[in-house]
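K.L.:
this one's sequence-less:
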C-alpha cells in the first residue's frame, strides 16, 4: 500500500501529505521505522543509560510511605544525573542536533533519530516520575527542571517532529518503541513478573498492530477523496465500502486484545498506564503551561476517521500542537478540508451516503464499546497514588467514581458528537 503513494501524491494534497508523513517521519514506512543499532557513540550513551537504569526502575511492591518515596525518587534522579554527566558529551550532542536541524542526516539517519525520540522520551518520563508505579509525592510535583542532557536533544526532536510539550506522546512512547522488525525494544517494566511485562507488551503491541492495520484505511480514504472530486461516483462508493470493511477489522483488534487475559486489569493501571502520564508543566510567557501524558486521542487513525467524516475534533489546536506531530496534523487537516460527507445527499448519491452513515455508526458503536471496556481498567486500586489518567485528569483522593466522572462525561460526549 505504501508504494502506491508515489503514484498518488502528485494527484492530491491529501495524498501528498500522507506521502510526506511516510517518507520523512516514518523514514520510508508506516508505522514509523526506528533503528536502535549503529548509533554515533556520542548518542549511544543514552541507550546505555536507559538499559542500566530501567533494569531496576519498576518495583513490584510500591511503598505507601511518602518519606520513603521522596528519598527513593531523590536517589533515582541523582543517579540519572550522575550517569548523564559522566556519559554524555553535551558539546558533541549539541553539534549533532544543530546539524540535524539544518537538514544534515549523515551523522544520524532518520531511522536512528526516530529511535532516539523514544529513548529520550522514556528517560524524560522516568526522570519526571522517578518511580514506577507512580507515587503520590511525584504527582504533587508541578514543575520539573530537566538536566541539559535531556533538554537539548528533546528540543531538536520536538522541533523536527513538530510538537512542543515537555512530555512524550503516542508516536515517541508507543510506535517508536518498536524496531524495524516490529519488535518492542523500549519498555518500562524489566525484571519483574511475567504478568506485568506481558500486560505492557500486549497493550503496546495492540496499538502497534492497530497502526499497521490503519495504513490501508489511510490509502483508501485518499483514493475515495480523489475519486469523489473527479466525479467517479461508483469508484468513490466502492472505496467507502472498502473503508467500512477495513475499519470493522481494525476495531476488532481492540475488542480481541483489550481483554483481561492479555492485558491484566490487576496491573495495567499501576505498571503500564501511570508511567506515560505527566501532570507537570512550566511557565511560558508568564503563564503556567501544564502538559498531559500519552493518550489514545493521539492515535492517528481516530483523527483521520473523524476528519474524513467531518466529525468534531476531540483535541484543541493547542493540544494537537503539543502532542501530535506536525505531519500527522497536516495529513488530518487535508483529509478534513476535502471531506465530502456533507457535500452529498441520499437522493443524488445514495450509495455513498449510506456507506458514510454506516461508517459513522461504526465509530459510534466503537466509542460506546471503548467506554465500557476501559472504565474497569481505570477503576482498579492504586493506593500509592492519587487518581489519574495518562491523558487529561489528575484528581484528588476521594471516590474513584467521582474522580473518573469527568473522563466518563467526556467519553459520553464523544459518543453523542459522533453523528
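P.N.:
Cool, got the structure. Predicted model only: the values in this text are computed from it and were never measured.
K.L.:
got any ranges where the stretch 1-150 of the chain has weak pLDDT?
P.N.:
Residue ranges of the stretch 1-150 of the chain with pLDDT under 70: 1-2, 5.
K.L.:
which stretches of it form helices?
P.N.:
Secondary structure of the stretch 1-150 of the chain by DSSP state H, counting those that start in this stretch: the helices cover 5-8, 13-20, 41-54, 66-87, 90-101, 110-129, 136-139, 148-161.
K.L.:
Tell me which of those sits nearest to residue 303.
P.N.:
helix 13-20 (12.4 Å; Cβ to Cβ). Glycine gets a C-beta too; all of them are placed from N, C-alpha and C.
K.L.:
Residue 332: which element?
P.N.:
helix 326-337 (DSSP states H and E).
K.L.:
For that helix, list every residue counted as buried.
P.N.:
Under the neighbour-count criterion of 16 or more other Cβ atoms under 10 Å, helix 326-337 has 326-336 buried.
K.L.:
pLDDT and distance to residue 128 added to the residues you listed, as a markdown table?
P.N.:
Formatted as a markdown table, the buried residues of helix 326-337 follow (pLDDT from 0 to 100; distance: Cβ to Cβ, whole Å):
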| residue | pLDDT | distance to residue 128 |
| --- | --- | --- |
| 326 | 98 | 24 |
| 327 | 98 | 26 |
| 328 | 98 | 24 |
| 329 | 98 | 25 |
| 330 | 98 | 29 |
| 331 | 98 | 30 |
| 332 | 98 | 28 |
| 333 | 98 | 30 |
| 334 | 98 | 34 |
| 335 | 98 | 34 |
| 336 | 98 | 33 |
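K.L.:
Please tabulate those residues in CSV and include distance to residue 181 as additional columns.
P.N.:
Converted to CSV, the buried residues of helix 326-337 look like this (distance: Cβ to Cβ, whole Å):
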residue, distance to residue 181
326, 27
327, 24
328, 23
329, 28
330, 28
331, 25
332, 28
333, 32
334, 31
335, 30
336, 34
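K.L.:
how many neighbours does residue 91 have?
P.N.:
9 (other Cβ atoms under 10 Å).
K.L.:
Please report how far it lies from residue 97.
P.N.:
Note on residue 91: its distance to residue 97, by Cβ to Cβ, to the nearest Å, is 11 Å.
K.L.:
gap between residue 13 and residue 254?
P.N.:
Per Cβ to Cβ, residue 13 is found 30 Å from residue 254.
K.L.:
first to last residue in stretch 252-269, what's the distance?
P.N.:
The first and last residues of stretch 252-269 sit 23 Å apart, counting by Cα to Cα, to the nearest Å.
K.L.:
Over to stretch 379-386?
P.N.:
Start-to-end span of stretch 379-386 (Cα to Cα) is 12 Å.
K.L.:
Pull the contacting residues for the residue positioned nearest the centre of the chain.
P.N.:
A centroid search over the chain (Cα atoms, centre = their mean) returns residue 170, at 0.9 Å, as the residue closest to the centre. Residues near residue 170 by Cβ atoms under 8 Å, 6 or more residues apart in numbering: 207, 294-296, 298-299, 323.
K.L.:
Quick one: distance of stretch 268-277 to the chain centre.
P.N.:
14 Å (Cα atoms, centre = their mean, to the nearest Å).
K.L.:
Just the residues contacting the helix holding residue 332, thanks.
P.N.:
By Cβ under 8 Å, 6+ apart, helix 326-337 touches 13-14, 16-18, 20-21, 24-25, 161-163, 171, 218, 221-222, 225, 300, 303-304, 307-308, 310, 320-321, 324.
K.L.:
which one of the contacts of residue 170 sits closest to residue 107?
P.N.:
residue 323 (27.9 Å).
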